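*Asks:* With the sequence up front, the predicted model follows.
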Amino acid sequence: MSIATQIKHFATTLPQGVQLIAVSKTRTAEEITIAYNAGQRLFGENRVQELVAKHEHLPKDINWHFIGHLQTNKVKDIAPFIQLIHSVDSMRLLKEINKEGLLQQREINCLLEFHIAKEESKFGLNVEEACSILASPDFIEMKNVKVCGVMGMATFTVDVDQQRLEFNKLKTIFMQLKSQFFVSDAGFKEISMGMSDDYKVAIEEGSSLIRVGTAIFGDRT
């Protein structure tokens, strides 16, 4: 299927309240433009240098999402334009985002990333670490960063039951943080989970943002 066909397929089949992030890492400007012309506006990148270059050359109404591991010294490069940073996994990173948000005179939207998979190589907080951050005076005083929800990656497996268990774990974490820290904050609403191989299970378990690359653009060459 073509890129445009896949974008239109997602547009017509995703449930209400679920948004598609087209993962465009390593994809060409031409491929992204095809998706853009088919109506897609949310794109996800995981390398800062590549993201900055694409932002400079592609339409300015694209909503860019950063979905990879973010180093603190790279925050300044995306702070002026990033729509949502999915991968906040430390207080140190939150402080840096807040600092750069202040310099840019804007509030930068973020998700807290949680380690829900069996693979040790994946990044992410545990619940205790997240609660410690959210309860801290340093976080409460931050005015230029907004935590909008949670993100996680399931184990790379064909075991649907395991995927479901891990996605359910992230949904449970979201509900716990919502009730404990964001009960009156309508902006805390996003659960970013699900990729090309497991997004259908993720949606069933409560995902509001799916990050899909291969199912749109095809296998990487």
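*Replies:* Received, thanks. Here the structure is a predicted model, which means the values were calculated and not measured.
*Asks:* send the alpha carbons of the host helix or strand of residue 138 over as PDB?
*Replies:* Using DSSP states H and E, residue 138 sits within helix 137-140. Only the C-alpha atoms of helix 137-140 are listed here, as PDB (Å, rounded to 0.1, in the frame of the first residue of the first chain):
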ATOM      1  CA  PRO A 137       9.100  21.600  45.300                       C
ATOM      2  CA  ASP A 138      11.300  21.900  42.200                       C
ATOM      3  CA  PHE A 139       8.700  20.500  39.900                       C
ATOM      4  CA  ILE A 140       5.800  22.400  41.500                       C
END
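*Asks:* Could you tell me how far it lies from the centre of the chain?
*Replies:* Helix 137-140 sits 23 Å away from the centroid of its parent chain (C-alpha atoms, centre = their mean, to the nearest Å).
*Asks:* Helices of the protein, start to end?
*Replies:* 3-13, 29-37, 48-57, 75-78, 91-104, 127-135, 137-140, 160-181, 199-204, 214-217 (DSSP state H).
*Asks:* quick revisit: which helices and strands sit right next to the helix holding residue 138?
*Replies:* Judged by 3 or more C-beta pairs under 8 Å, 6 or more residues apart in numbering; DSSP states H and E, helix 137-140 is in contact with helix 91-104. No exception for glycine: its C-beta is placed from N, CA and C like everyone else's.
*Asks:* I figured residue 124 hits residue 130, correct?
*Replies:* No - with contact defined as C-beta atoms under 8 Å, residue 124 and residue 130 do not form a contacting pair (9.5 Å).
*Asks:* what do those two both touch?
*Replies:* In terms of C-beta atoms under 8 Å, 6 or more residues apart in numbering, residue 124 and residue 130 are both contacted by the residues residue 114.
*Asks:* tell me which residues of the helix holding residue 138 are tucked away?
*Replies:* Across helix 137-140, burial judged by 16 or more other C-beta atoms under 10 Å covers residue 139.
*Asks:* And residue 124 and residue 130? Which one has more around it.
*Replies:* residue 130 (24 against 21; other C-beta atoms under 10 Å).
*Asks:* Now do that one against residue 176, distance only.
*Replies:* Distance from residue 130 to residue 176, counting by C-beta to C-beta, to the nearest Å: 9 Å.
*Asks:* residues contacting residue 42?
*Replies:* Residue 42 neighbours (C-beta under 8 Å, 6+ apart): 19, 20, 21, 22, 62, 63, 65, 83.
*Asks:* Let me fix that, I meant to ask about residue 156.
*Replies:* Residue 156 neighbours (C-beta under 8 Å, 6+ apart): 117, 119, 197.
*Asks:* how about 6 Å then?
*Replies:* Residues near residue 156 by C-beta atoms under 6 Å, 6 or more residues apart in numbering: none.
*Asks:* Poorly predicted segments of this structure, please.
*Replies:* For the chain, the stretches with pLDDT under 70 are 121-122, 221.
*Asks:* switch the cut-off to 90
*Replies:* 1, 118-123, 219-221 (pLDDT under 90).
*Asks:* Same list (the contacts of residue 42) but as a markdown table, adding neighbour count and distance to residue 185.
*Replies:* Formatted as a markdown table, these follow (neighbours: other C-beta atoms under 10 Å; distance: C-beta to C-beta, whole Å):
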| residue | neighbour count | distance to residue 185 |
| --- | --- | --- |
| 19 | 16 | 19 |
| 20 | 24 | 24 |
| 21 | 27 | 22 |
| 22 | 28 | 28 |
| 62 | 20 | 27 |
| 63 | 15 | 21 |
| 65 | 27 | 20 |
| 83 | 17 | 19 |
